[in-house]
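S.K.: everything below, folded, please.
(2 chains, ligands or ions: 2)
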Amino acid sequence: MNSLLEVSGVSVTFDGFRAINNLSFTIGPQEMRAIIGPNGAGKTTFMDIVTGKTKPDTGRVVWGERAISLLKLSESQIAQVGIGRKFQRPTVFEDQLVRENLMMAVKRPRGPVPVLFFRPSAADRERVEELAGEIGLADQLDRKSGELSHGQKQWLEIGMLLAQEPKLLLVDEPAAGMTLAEREHTTTLLREAAKTRAVVVVEHDMEFVRRLDCRVTVLHEGAVLAEGSLDFVTQNPEVIEVYLGR
Amino acid sequence: MAAASTRMPLLRKHPSLLIFLGVLALFTLAVTLMSEAYGPGIISASFVKTLGKTLCLCLIALAMDLVWGYTGILSLGHFAFFGLGGYMIGMWLMYARTRDIVVASLANGALPPTPEEIRDAVAVQIFGVVGGNTFPTIWYFASSFWAQLALVVLVPGLLALVFGWLAFRSRVTGVYLSILTQAMTLALALWLFQNDSGLRGNNGLSGLQNLPGADAIPQSYVSIWFFWASAAALGLAYLLCFWIVSGKFGSVLRGIRDDEARVRFLGYPVEGFKLFVFTLTAVLAGLAGALYYPQAGIINPAEMAPIASVYLAVWVAIGGRGRLYGAVIGAAFVSLVSSVFTGGRVPDVNLGFYTIQWVDWWQVMLGIAFVIVTIVAPKGIGGLFDWFEGVKSPDRKGEPLGPDDGALREKEAVE
Ligand SMILES: Nc1ncnc2c1ncn2[C@@H]1O[C@H](COP(=O)(O)OP(=O)(O)OP(=O)(O)O)[C@@H](O)[C@H]1O
Ligand SMILES: [Mg+2]
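M.R.: Ligands and ions are numbered 1, 2, ... in the order given. Here you go, the predicted structure:
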């Protein structure tokens, strides 16, 4: 099978507590996938494993056609192979301009020496403007990102992800704390992004997931409980019991 | 339009840089014209030295601001690098000068002395105080000015590289890193205190103010030359630091300071950036030390006591961290005021029941000033410029600008 990311048999224990339990999960290139599950199901921990923040006790995490093991790479190397991540809380560099945030994310060599001698070309500047337009922050470029509203920060973070040009985008609760209009904009951004790359979205909000209109994986106690269309999984009695029936 | 601004030189784009360099140049000119050597002598040679030393302290403060103010690494080891730079140049100064004296005194003998005799006599002169009569291995290059000059850069640079590599690779951050750097400094100072360290134990190196082969030149000239060299070094280092922090590299550094995990997820190898900055600033500190100690005349291990590096952090905090000119102003202000108070130039205050002697009380005042600045005005002296320009701090309800220990605090940031 042609998969972009393959997680198999992964387990993580925090201090005796099993947060991820023999999890297996596959995502293909240019696929949009939603992950749902109750609080503490291990959704964020799953992203931590893929991005190298948490090392699993057992299991394999394999990336791309050349089947590279991500477990051997550092966080920055994983980001460089093409995995971008949006955190649950919006995390942008609050003391820096929106422009600087985006410029840092634009895909260019990341080592200290090339960064030291980097001076933005006209193309880089255009790219930043273009991204700012996409995320609706074109007129905010010269503001400090700390001054943005919560929703704007979330978009800026998505914009930074797009600037990285990742092959896989991991997005943790992008709609949390957003107004209805903001949610719609976010859905559009994500669906647009999924046309050219794989996108994995963790979300609690069922309406939001429905609008994404994609395959859904239900996590529970660190393992996959069900997988399929939203309607399919929401009819699964086990899913109803652990999650929806509450 | 956008393309035009890329080609705009650094100086035109940032007026503050021009102002800084202009002020430094004017100051240098003014001191020169008031000196004994090139003017009426309103400023004594010893005060010229004080000013020159102050410029060196400004230089190391600049390095500290780069590593702490911009990158968030609270290093308490940069005075160790400063001292090492001083020792490296001091070895040549002491060797070459002692050799001149020895050659002159042996010239009166019946037979011309052999190179071995000269070398042994120099060794006895230098190491007699610690009971030695031969050169330790680490003095191998002491006869060569250029070799010792290279060591001024290489020794602090390599130490920082190895230490930083070990520390950053194991992801030591925050308070633990500060403690580790302090431990390194302490270990180095204790080692230097030993007589068999090869650097004359607690005697240190002395007579460094005398330039070898330049006995005929009065100190009034030597002092102003070193003053010029210090001013030039500060100006060039300021340009370099400004260039570094004003581009994307600076963005990444500030990102590391406020939220280093996020920088990693953008794909930047954080450890490499930290190592680069740590090593570069160690080299700058070494150069500052190499210019400082010939003006001070003497270097001993007490100079590298951990407290010195703590002072360095205090200067940068009082000047305002995260802005290069703040560090320079902080260092200049605090060290000059300190030399006034500790130099016995301020009359004691008699309160009747107690006499305040400034030599003792200055440290207490400095401590109190630091506490006040940290709590009330975290922007330090730099904040005055913001106030003047009407720039405010953001209203974040007390939230710092990032999750990391070194992140800017609300009141340190500008809108
Ligand atoms: N570093 C850690 N140390 C100890 N326990 C942890 C750690 N990280 C996560 N856990 C635990 O692992 C479990 C899974 O956490 P995770 O954050 O992945 O849940 P989640 O599915 O993202 O939940 P939510 O919907 O609340 O964001 C939780 O019970 C959490 O307390
Ligand atoms: Mg979570």
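S.K.: helices of the stretch 151-300 of chain B, start to end?
M.R.: B:174-193, B:219-246, B:248-265, B:270-296 (DSSP state H, counting those that start in this stretch).
S.K.: what's the spacing between the second one and its chain's center?
M.R.: Mean C-alpha position of helix B:219-246 versus that of the full chain (Cα atoms, centre = their mean, to the nearest Å) differs by 12 Å.
S.K.: now swap in stretch B:377-384 and tell me
M.R.: 21 Å.
S.K.: neighbours around A:Glu165, how many?
M.R.: A total of 14 residues lie near A:Glu165 under the criterion other Cβ atoms under 10 Å in any protein chain shown. Heads up, the C-betas are built off the backbone N, CA and C, glycines and all.
S.K.: doesn't it lie inside a helix?
M.R.: No: going by DSSP: H, G, I helix; E, B strand; the rest coil, the assignment for A:Glu165 is coil, not a helix.
S.K.: what sits closest to it if chain neighbours are left out?
M.R.: Nearest residue to A:Glu165 in three dimensions, chain neighbours excluded: A:Lys107, at 4.6 Å (Cβ to Cβ, 6 or more residues apart in numbering or on different chains).
S.K.: now swap in B:Ala377 and tell me
M.R.: The shortest distance from B:Ala377 to any non-neighbouring residue, by Cβ to Cβ, 6+ apart, is to B:Gly383 (5.5 Å).
S.K.: sticking with that neighbour, tell me its helix or strand.
M.R.: helix B:382-389 (DSSP states H and E).
S.K.: about what we covered before: ok, now which ones touch the residue nearest to A:Glu165?
M.R.: Applying Cβ atoms under 8 Å, 6 or more residues apart in numbering or on different chains, we find A:Lys107 in contact with A:Ala163, A:Gln164, A:Glu165.
S.K.: same list as before, those residues that is, but in JSON lines and with distance to ligand 1 and pLDDT included.
M.R.: Formatted as JSON lines, the contacts of A:Lys107 follow (distance: Cβ to the nearest ligand atom, whole Å; pLDDT from 0 to 100):
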{"residue": "A:Ala163", "distance to ligand 1": "25", "pLDDT": "94"}
{"residue": "A:Gln164", "distance to ligand 1": "22", "pLDDT": "93"}
{"residue": "A:Glu165", "distance to ligand 1": "26", "pLDDT": "93"}
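S.K.: looking at it, B:Met64 is touching B:Leu284, isn't it?
M.R.: No: using Cβ atoms under 8 Å, B:Met64 makes no contact with B:Leu284, being 9.4 Å away.
S.K.: what does chain A have sitting close to ligand 1?
M.R.: Residues of chain A found near ligand 1 (Cβ under 6 Å from any ligand atom) are A:14-15, A:17, A:19, A:37, A:39-45, A:88.
S.K.: give me the buried subset of those.
M.R.: A:Ala19, A:Gly37, A:Ala41, A:Gly42, A:Lys43, A:Thr44, A:Thr45 (16 or more other Cβ atoms under 10 Å in any protein chain shown).
S.K.: skip the chain neighbours and tell me the closest residue to B:Ala331.
M.R.: In this structure, B:Ala331 finds its nearest non-sequential neighbour in B:Ala61, 3.5 Å apart by Cβ to Cβ, 6+ apart.
S.K.: any idea how far that neighbour lies from B:Ala160?
M.R.: 17 Å (Cβ to Cβ, to the nearest Å).
S.K.: higher neighbour count, those two?
M.R.: B:Ala61 (33 against 29).
S.K.: and the residue of the stretch 51-200 of chain B found nearest ligand 1, what pLDDT?
M.R.: Ligand 1 sits closest to B:Arg171 of the stretch 51-200 of chain B, with a gap of 15.1 Å, by Cβ to the nearest ligand atom. pLDDT, B:Arg171: 92.
S.K.: contact partners for it?
M.R.: Residues in contact with B:Arg171 (Cβ under 8 Å, 6+ apart) are B:Glu271.
S.K.: let's go with 10 Å and repeat that
M.R.: B:Leu177, B:Glu260, B:Val270, B:Glu271 (Cβ atoms under 10 Å, 6 or more residues apart in numbering or on different chains).
S.K.: quick check: the last one vs A:Gln77, distance?
M.R.: Right, the one you point to is B:Glu271. From B:Glu271 to A:Gln77 the distance is 12 Å (Cβ to Cβ).
S.K.: same thing with the first one?
M.R.: In this structure, B:Leu177 and A:Gln77 are separated by 23 Å, where distance is defined by Cβ to Cβ.
S.K.: and what of B:Ala107?
M.R.: Relative to A:Gln77, and taking Cβ to Cβ, B:Ala107 is found at 66 Å.
S.K.: one more: B:Gly72?
M.R.: Distance from B:Gly72 to A:Gln77, by Cβ to Cβ: 22 Å.
S.K.: same drill for those two, tell me which one is more crowded.
M.R.: B:Gly72 (27 against 17).
S.K.: next, the residue nearest to the more buried one when sequence neighbours are not counted: secondary structure please.
M.R.: Closest residue to B:Gly72 apart from its sequence neighbours, by Cβ to Cβ, 6+ apart: B:Gly406 at 2.5 Å. Of the three states, B:Gly406 takes coil under three-state DSSP.
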